[in-house]
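>>> coords below, sequence missing:
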Ligand code: MOS
């Protein structure tokens, strides 16, 4: 059997670096003459900064500068990624305060501690304005997004559920949730002259960061170097360039010294996005035998007053199930809060909580098994786009998952399955996420000794990108993985898309596949064989015969025209078994089985890890995570890791990932569809549905804390 083939459980190629401390993160690079910047947050929630007293801070030991709107030179093209008609957050470019924690100054000092101390000495005076942070109070002020990306949707009749023989209308709430990657956001910036800047920064896309920094400072992108080789988790919080990254570059320019800004954990709650609080109404109508006749999905989310954020929370209801009638509405409520951002399974994770909970509720109204209800309404093509699926194996996900979780032991009547003081329940929740493929380039070098190096400006926020790329290259070239290295996270490498939307393996993996094919063709021609000869290639000898020290090829890769004729999604079905303590309401998640149709799986080991990570995120969403606001002051009361609860090891049961592992024939040459998002989408409703099955209590407001169950 072929060694190092696509699908093999190859251990992480950078695993040793990561566990030995050899992997360097953005805050760990030694830069000579480094100064440390600490942001000073506004203590009001809305208003204008009228004056700022920096004297004490400037006199404090080790302080180099205190940068404020009153002394900072304007950043010429600030925040290029704020959508029109919003201005975005322009630190130090004006005196406005839009939310509590909005940075009003940056203290730069010789050490982080000295900067932190001096930051506490900055005194600001404000003209306060009334502010609004209470979503529920302002719900009626929801507006249709103005940014232009979102469109309401109607198929057939609107609100057709209201005329159906069996009807369900319910509202679901999901609170604000924070990405909280373990690694804080850090940026280290230094200039070479006035027109060349280098950043070490936590980024999901070095090319995107390069463009944003170049636009902010009116630079040629070629003069902006972004490095982000290792990232300690991001989950969407580093998809864009944030104000503190621009501030680090701005301070370094002013001081003519390298400057590093590290956000505090508390600042991670206000300055780098979050999953927005969302209220959703689902209307489902069905015939007596369980055929859906109408789906209505309406969603209202929070956003910031200075920038609009939208996501696809309602879109999943347009295509996941067959229904002649479907309509969706989506609105946002601008508040004096930091702007939200995509967070793992952005939109769909929120939407699936509502839709998959509602479908479960409908199954009980119909006295029908929830899997049977899903089968009855299985969508054999995409009704929204009116296109065939490129591939879809969701039925197989249902059956495999049902078997592994022990679905046959599920009691159809809630609250009837007991094990001592514990009530036992089973739940299912499904997910879908668009399978995207972007344009990507890769450069390959095959050396005289047979070793291979591939470069692409891809990112790795944790899933093991380099490992997957090495495996694709090993398989395509017919060489051992140990001979191949893959380098990423550097903006000078060939262009690759941002690591987001579960698209890296599809986009960059295709570029790696294609560049390997291009290399093989060259070798075949040099050896006097037809270029597409599929036989083994003796790379080392061919180079020797040609008297070449190495061979280098760069290849661009993107979707063909055929891609537009298909609807492409990854699908998942999550199964959960829970025990709920009848007296205390404590929930023990006993087992999670996640079954995924994500096309061909490149590396079963890292893919399983990614699925487990997503399920843990879903458990957090279902059980513990909630950013709590005090609307009197407009501040989070739990902006730290002690009070904002993410699941810990003891909360996590056995999680099993099962892959259908059928290649998608359309999307890309390897046949992969992506798993990053669907690993989380559908987990929270699976848990809520299992809790209902165990107890008969339907929890429509996350998180499912014990007080809601007793
Ligand atoms: Mo993902 S929310 O696209 O990082």
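Happy to help now that I have it. Computed from a prediction, not measured in an experiment: that's the story for all the values here. Residues are numbered from 1 along each chain as shown.
>>> burial count for the nearest residue to residue 552 once chain neighbours are set aside?
Nearest non-adjacent residue to residue 552, counting by Cβ to Cβ, 6 or more residues apart in numbering: residue 445, 4.7 Å away. Any C-beta I mention is one placed from the backbone N, CA and C, and that applies to glycine too. The local packing of residue 445 (other Cβ atoms under 10 Å) involves 16 other residues.
>>> so residue 445 sits in a strand?
Yes - counting by DSSP: H, G, I helix; E, B strand; the rest coil, residue 445 falls inside a strand.
>>> ok, now which ones touch it?
For residue 445, the contacting residues are 452-454, 550-552, by Cβ atoms under 8 Å, 6 or more residues apart in numbering.
>>> what about it, distance to residue 13?
Distance, residue 445 to residue 13, using Cβ to Cβ, to the nearest Å: 17 Å.
>>> same deal with residue 477?
15 Å.
>>> and if you look at residue 661?
22 Å.
>>> between these two, which is the more surrounded one?
residue 13 (20 against 16).
>>> number of residues surrounding whatever residue of the stretch 251-400 of the chain ends up closest to the ligand?
With Cβ to the nearest ligand atom, the shortest gap between the stretch 251-400 of the chain and the ligand falls at residue 342, namely 3.8 Å. For residue 342, the neighbour count with other Cβ under 10 Å is 22.
>>> these two touch, right, it and residue 236?
Yes - under the criterion of Cβ atoms under 8 Å, residue 342 makes contact with residue 236 at 4.0 Å.
>>> what residues do those two have in common as contacts?
Between them, residue 342 and residue 236 share the contacting residues 273, 500, judged by Cβ under 8 Å, 6+ apart.
>>> residue furthest from the geometric center of this structure?
Relative to the centre of the chain, and counting by Cα atoms, centre = their mean, the farthest-placed residue is residue 545 at 48.4 Å.
>>> now it. Its backbone dihedrals?
Per-residue torsions, residue 545: phi -60, psi -40 (degrees, to the nearest 10).
>>> list the contacts for it?
residue 526.
>>> for residue 362, see how far away it is.
Distance from residue 545 to residue 362, by Cβ to Cβ: 69 Å.
>>> what does the model give whichever residue of the stretch 451-600 of the chain sits closest to the ligand for pLDDT?
In the stretch 451-600 of the chain, the residue that lies nearest the ligand is residue 500 (3.1 Å; Cβ to the nearest ligand atom). Listed pLDDT for residue 500 reads 97.
>>> gap between it and residue 463?
12 Å.
>>> neighbour count winner among the two?
Between residue 500 and residue 463, counted using other Cβ under 10 Å, the more crowded position is residue 500 (24 against 21).
>>> my read: the more buried one touches residue 236, true?
Yes - with contact defined as Cβ under 8 Å, residue 500 reaches residue 236; the gap is 6.8 Å.
>>> can you check which residues contact both of these two?
Common neighbours of residue 500 and residue 236 (Cβ under 8 Å, 6+ apart) are 204, 342.
>>> quick one, domains of the chain?
What automatic domain parsing lists as the domains of the chain is 33-130+184-269, 132-176+274-382, 438-558.
>>> contact partners for residue 661?
Neighbouring residues of residue 661 by Cβ under 8 Å, 6+ apart: 7, 600-601.
>>> from the residues you listed, pick the one nearest residue 113.
The closest of the contacts of residue 661 to residue 113 turns out to be residue 601 (Cβ to Cβ; 46.7 Å).
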